[in-house]
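Undergrad: Fold the stuff below for me.
(3 chains)
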Amino acid sequence: MNKIFDDLNTNQKEAVFSTEGPLLIIAGPGSGKTRVITYRFVYLIISGKALPSEILCITFTNKAAEEMRVRIAKITNLDQKEVEKLWIKTFHALGLRMLKEYYAFAGLNRDFVVYDSDDQLKLVKSIMKEYNYTSITPERSLETIQEMKEKSLGDISNLEDQYLVENFGELYQIYQRKLSENNAVDFTDLIVLPIKILRNNPKIRESFQKRWKYIMVDEFQDTNLSQYELIKLIINENRNICVVGDDDQSIYGWRGANVENIRNFDKDFKDCKLVFLDTNYRSTDEIINFSNIISNKMLFRREGKIIKGIGNKGSKPTIIEAYDIYREAQIVAKIIKNLVRDGYQYKDISVLYRANYLSRILEEEFIKFGIPYKIYGGIQFFERAEIKDILAYLKFSVNPRDFVSFSRIINTPKRSLGDSAVSKIVNVSDIQNVDLLEACYIFEKQEPKYSVGIRRFLDAIQILRDEKLSIADRVLKLVENIGYYDYLRTLEGDPEDRIDNVKELIVAIEDFESKGSGTISDFLDSAALVQPSDYINENNSVSLMTLHISKGLEFPVVFIYNVVDGVIPHSRSLNRLNELDEERRLFYVGVTRAKQKLFITLSKISRSFKGSVEYRSPSRFLDGISEKFIEYYKDYSNKFL
DNA sequence: CCACTTCCTGTTTTT
DNA sequence: CAGGAAGTGG
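TA: Predicted coordinates:
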């Protein structure tokens, strides 16, 4: 056997070589999970059990998928092109890919677009306005719609919860109809529509079942009902399904993730083989001991899990209680300075927090201390208004049924086409049964009052449809044609910053095009699935992110900021035991990101967003932990300042 | 139609 | 306190 497998431990080897039938791998933090999946992938190929194209591997992030590709390229002789073609994707990328193949079976046409949460919300708002829904916020409506879609797998007649059906059934139906009229799908559709297609078309289902002989799913604890269903539909009678995960790290319950998927996998698949990876190669013993204390207090948990270290010695986790939340940020900054003085690099360090707003306070201190930092999450590049504007132009140019994009750009920049013009155009489109672009052409002739503005809009769209030019050139021309930079300069905030973002977008498009020919639709698809973790550690700066985003990552030094009751655990989860458990798992995830040093900071005084002072206690997760395992400092000693 | 004002509401986490 | 919605006057 090839010697690349020699550096695996006994359990890891068992996981890699157990190829036939269902396999459940419970993999604790730092236990070499990614390596096991990668090696298993490679083993399947070099043992001749499968061709590279016959293996499907589902990862949680694009970044994980990309890293796997790089690793596989290193240890096999597949060339660049073959590696690109491997089936290593996130669930959403897989679903999108399936839809691109079978869009017609879902009532879509080829250039359908993917709505992000912002687009979804706009659609819901417009529906609520049109149909006079007032008793509930649009945000809450959208949440409910998503929940219904997820639970019913896209078929509302399956929904058992009669309360939801009675109160939101109509709204749900309208939303779904509008999506279809817009030739658009939302994130949940990316999973649910493929499920419908597979269920209703045995031939298509069989072709997918034949396509993949072996299927692996990473981070299985964070799959939801529909994702699990999709998997069940594509595995064939050999049931070579391998799922990997850790129920202690399930943190997306609020998004529909179902821990029971992993807890019950060995009940769903009775003959399933079970492998535990319980050795943590990542962290020092001190950090592992601390993390075991945290996880042992979980109420609902698979039995008998204790994570062992490999004898890496370090220092005990440090808990620091500061005077107030500002001082707390200052202490974090100060310690980072000291660490860098002692030889650490900024990129070795990460600061994690429960909610995005906490990054602002850290940010201010970091600027004062001259610490380079990068915030992941929060407002994403592709969510910035100026980027969304340009993307909306692109979306509308390929999909002129997309009302959400249309209403975003028809009057951006100002063309004297306000609400009344928009509703008249929609009217034309409804009555004459044409898409919004054609409706504009008709409307231009009907209403001289608006014709100048409409003409300018149509010219702009026409530029994007000129296939003689590259996409990047078209966008460049568009930006110039509509005077977009001048428009940005009229807005609040830093206009040059926004202009830079647009230029960055154009570079991203050039990049995309340099990798081979692609259409506007292809570019939009790739942009739709970008995640915050995709660009981590690209330069030497401290990484700031939420605990959620940190899943799957590791850093030599980790700070967890503002570990107080009401934040971790979050105040809205205090009443429900399973939610409290999820908060504990979230904390556990944060703690286990640390390789060498772990700092937990807190403060009793913080400020609520209304400007009043708020008092907090240290997180209950820190209660009753013996001094044997931690260093506890109160900053009144000024030790850290 | 649009720019300006005032009012109001609401901080978890994100594909 | 901030960001969006709704209302007002040019």
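
Undergrad: Report pLDDT for the closest residue to A:K414 other than its chain neighbours.
TA: Spatial nearest neighbour of A:K414, chain neighbours left out: A:Y487 (7.8 Å); criterion: Cβ to Cβ, 6 or more residues apart in numbering. All C-beta spots, glycine's among them, are computed from the backbone N, C-alpha and C. Note on A:Y487: pLDDT of 87.

Undergrad: now swap in A:G566 and tell me
TA: If you check A:G566, the pLDDT there is 88.

Undergrad: how much space between the closest residue to A:E447 other than its chain neighbours and A:M128?
TA: Counting by Cβ to Cβ, 6+ apart, A:E447 lies nearest to A:K424, which is 7.1 Å off, once chain neighbours are set aside. Distance check for A:K424 against A:M128: by Cβ to Cβ, to the nearest Å, it reads 21 Å.

Undergrad: between those two, which one's more packed in?
TA: Taking neighbours as other Cβ atoms under 10 Å, A:K424 and A:M128 compare with A:M128 leading, 20 against 16.

Undergrad: Please, which helix or strand holds the more buried one?
TA: Assigned by DSSP states H and E, A:M128 belongs to helix A:117-130.

Undergrad: Show me what that helix is packed up against.
TA: Helix A:117-130 sits against helix A:138-152, helix A:162-181, helix A:403-409, with contacts defined as 3 or more Cβ pairs under 8 Å, 6 or more residues apart in numbering; DSSP states H and E.

Undergrad: and the second one, anywhere near DNA strand B?
TA: Which is helix A:162-181. No - applying Cβ under 7 Å from any atom of the strand, one finds helix A:162-181 separated from DNA strand B by no less than 14.4 Å.

Undergrad: what's the angle from that helix to helix A:117-130?
TA: Angle, helix A:162-181 to helix A:117-130, by axes from the mean of the first three to the mean of the last three Cα atoms, to 10 degrees: 110 degrees.

Undergrad: after helix A:162-181 comes which helix or strand?
TA: Downstream of helix A:162-181 (by DSSP H and E), the next one is strand A:184-185.

Undergrad: and what of the shortest one?
TA: Per DSSP H and E, the first helix or strand lying C-terminal to helix A:403-409 is helix A:419-432.

Undergrad: Does that next one reach DNA strand C?
TA: No - using Cβ under 7 Å from any atom of the strand, helix A:419-432 never reaches DNA strand C; the gap is at least 10.4 Å.

Undergrad: Show me what counts as buried in that helix.
TA: A:421-422, A:424-426, A:428-429 (16 or more other Cβ atoms under 10 Å).

Undergrad: of those residues, closest to A:D342?
TA: A:V422 (60.1 Å; Cβ to Cβ).

Undergrad: ok, now which ones touch that closest one?
TA: A:407, A:410-411 (Cβ atoms under 8 Å, 6 or more residues apart in numbering).

Undergrad: Which pLDDT does the model give it?
TA: A:V422 carries a pLDDT value of 88.

Undergrad: Can you give me the distance of it to A:V428?
TA: Taken as Cβ to Cβ, the span from A:V422 to A:V428 is 11 Å.

Undergrad: and if you look at A:H92?
TA: A:H92 sits 35 Å away from A:V428, going by Cβ to Cβ.
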